[in-house]
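K.L.:
Provided below are the primary sequence and the corresponding predicted coordinates.
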Amino acid sequence: MVGSVHLIKESKIKETSAILPIAVIKIKDHYGNFQTVRALIDSGSMTNFITERLSKRLRLFHRNTSLEISGLNPMKSVCNKGSVDCLVQPYHVSNPSFEFRAVITPNICSKQPSSDVIIKSYRHLKNLNFHDAQYSDAKEVDLLLGAELDPQILTGGSVMGGTDDPIAAESVFGWKFWELETIPETSSVNRDEQLCEDYFQKTYCRTETGRFMVSLQFRRDVKFLGTSYQNALKQFMSLEARLLKSPVLNSGYTEFMRDYLLSGHMTPVPPNQIHIQTSYYIPHHCVLKPESSSTKLRVVLDASADSSTGISLNDLLFIKSKLQDIVHILLNFRCYKFVFMCDIKQISMYQAFNTFGYSQNL
């Protein structure tokens, strides 16, 4: 099982260990008595688990179930030993109690270090009120409480030490140790990406409307560009013929381009500048997705179209690193209780940025 981990510094504890968010709790057995167990709190798990060892000890009623578990890379395993209904309570009080179903598995994780050793190693933990059961020697973890119960367990209190120290999180089960997941802040940009970033920082500005104004960032001289007007005109005439055959498509495309014009994303080219030497005409076409609930028609601007020299506008520009890091997004997504999702209209570099006058022809 994957949990939040923290590596204890060797200067504080002789052997490097991993701290998982463990709570000492009580679980009800078949006879109505409560037994003490150690539970791993894992907000990244979609399922609750109980070890086969604890299930037999509690003599709980087994349900015949089989579940395929997916992990990293992607690792898969099958838990086909059944499931049991559980009831747990805090170790020191009888309320609150939680009822849930747990899948039986041979093992959850390795033995965890004694809380006594951890508490004595960090100054910010010494004055917290840990109950006696947490001072026991390293023991097996027999229960995993997943994302279903996590919001009901944490109460919001926390005590933090230094940057690399574990966090004590307050929960209905008492204090437990926690380490927030973070992404290492290491730079992986290459030389071109760094040059692109430096150029942007030196040249961008903000307009009165709040938009960014930038200059196109060339890695090759614009003299390599050939003529592009005739090719763009040819594709436009082909597009016009297609639009004339479909009144619905024609209406949608015309409305899109009108909105582009009114929003200031494009401006008409003066007649005396149509054939200036240093210019690039971007062909455009439409993609139609009738099944889409938001954007049924999308206009595509093709800056990869070759000019008469076989070189396109995109060939001359720096290639910036991808803006979206899916790992970073998913980890941040888990940090908040509420999230806001939306579909942004016309999200594109062309809508978010203006270019300086000397770049608008390219």
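P.N.:
Cool, got the structure.

K.L.:
extract the CA atoms of the helix or strand where Ile69 lies and return them as PDB.
P.N.:
Take DSSP states H and E as the rule and Ile69 turns out to sit in strand 67-70. Only the C-alpha atoms of strand 67-70 are listed here, as PDB (Å, rounded to 0.1, in the frame of the first residue of the first chain):
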ATOM      1  CA  LEU A  67     -10.900  -7.600  -5.700                       C
ATOM      2  CA  GLU A  68      -8.200  -6.600  -8.200                       C
ATOM      3  CA  ILE A  69      -5.900  -4.000  -6.700                       C
ATOM      4  CA  SER A  70      -4.000  -1.600  -9.000                       C
END
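
K.L.:
just the buried residues of it, please?
P.N.:
Neighbour counts over strand 67-70 (16 or more other C-beta atoms under 10 Å) mark 67, 69 as buried. C-beta here means a position set from N, CA and C on the backbone, and glycine is covered the same way.

K.L.:
let's have the chain start at 33 instead
P.N.:
Okay, using 33 as the starting number, the last item reads as strand 99-102.

K.L.:
after that strand, which helix or strand is next? Please name it.
P.N.:
That would be, after strand 99-102 and using DSSP H and E, strand 108-111.

K.L.:
now that following strand: average pLDDT?
P.N.:
For strand 108-111, the mean pLDDT works out to 78.

K.L.:
neighbouring contacts of that strand?
P.N.:
81, 98-103, 135-137 (C-beta atoms under 8 Å, 6 or more residues apart in numbering).

K.L.:
returning to that earlier point: so for the strand holding Ile101, mean pLDDT?
P.N.:
78.

K.L.:
all the strands of the stretch 83-232 of the chain, in order from the start?
P.N.:
99-102, 108-111, 115-122, 130-137, 175-177, 186-191, 199-203, 206-210 (DSSP state E, counting those that start in this stretch).

K.L.:
of all those, which one comes closest to Ser339?
P.N.:
Closest approach to Ser339 among the strands of the stretch 83-232 of the chain is made by strand 99-102 (48.5 Å; C-beta to C-beta).

K.L.:
do you know how far the residue nearest to Thr235 when sequence neighbours are not counted is from Ser311?
P.N.:
Leaving aside its chain neighbours, Thr235 sits nearest to Ser247 (5.2 Å; criterion: C-beta to C-beta, 6 or more residues apart in numbering). Distance, Ser247 to Ser311, by C-beta to C-beta, to the nearest Å: 16 Å.
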